[in-house]
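Chemist: below: sequence and its predicted model.
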Amino acid sequence: MNPIRVCIIGTGGIARAHLEALKQAGEKVRVLAASDVDRERVEAFCRELGIPRAYTDNAKMLAVEKPGLVHICTPPATHCELSVQCLESGAWAFCEKPLCGSLAEMDRIEAAEKKTGR
C-alpha cells in the first residue's frame, strides 16, 4: 500500500501536534512539505522536524507535491479559503476548528467537495 501523501499549511504550535499525530501512523503516511506565510518560520519548522520541502505559496505546494491530504493549521479566518483550495486541488482537507465562520462559507466548502466527486 502506498503511503498517503501529506502536506501541512501553517507551522505554528498546533502544526507540531498534528505532525506528532501523523508520526503515529508510521509508514502509512509521508509528510512531503509544509507551507507558511513566514519563510523563516516554515524553513526552521521543516529543518527541525525533518520535512523535506518548505513553501510560502500554498498553490505552488499543492501543484508540485500533489498531496492526498492537507492538514490546515492556520488561524480560523483562513480555513474556508484554504479548505476550498485544497479540495479543488484534489486533496482532502483536515482542518482545525472552527471549519468556517458562516453558513455561506460552509456552502462554499461543501460545493468544492461535491465538485471533486467525493
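Modeler: Structure's in. What do you need?
Chemist: just to check, residue 70 is in contact with residue 93?
Modeler: Yes - with contact defined as CB atoms under 8 Å, residue 70 counts as touching residue 93 (5.6 Å). Heads up, the C-betas are built off the backbone N, CA and C, glycines and all.
Chemist: these two: which is more packed in?
Modeler: Using other CB atoms under 10 Å as the criterion, residue 70 and residue 93 rank with residue 70 on top: 28 against 22.
Chemist: which residues are in contact with both of residue 70 and residue 93?
Modeler: Residues touching both residue 70 and residue 93 (CB atoms under 8 Å, 6 or more residues apart in numbering) are 82, 86.
Chemist: could you export the helix or strand encompassing residue 84 as CSV, CA atoms only?
Modeler: Assigned by DSSP states H and E, residue 84 belongs to helix 79-89. Output in CSV follows, covering the C-alpha atoms of helix 79-89 (Å, rounded to 0.1, in the frame of the first residue of the first chain):
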residue,chain,number,x,y,z
HIS,A,79,-9.9,28.0,7.0
CYS,A,80,-12.6,28.3,4.4
GLU,A,81,-10.4,29.6,1.6
LEU,A,82,-7.7,27.1,2.3
SER,A,83,-10.1,24.2,2.6
VAL,A,84,-11.6,25.1,-0.8
GLN,A,85,-8.2,25.5,-2.3
CYS,A,86,-7.1,22.1,-1.1
LEU,A,87,-10.3,20.3,-2.2
GLU,A,88,-10.1,21.9,-5.6
SER,A,89,-6.5,20.7,-6.0
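Chemist: next SSE downstream of that helix?
Modeler: Next helix or strand after helix 79-89 toward the C-terminus (DSSP H and E): strand 92-95.
Chemist: list the buried residues for that following strand?
Modeler: By 16 or more other CB atoms under 10 Å, the buried positions in strand 92-95 come out as 92-95.
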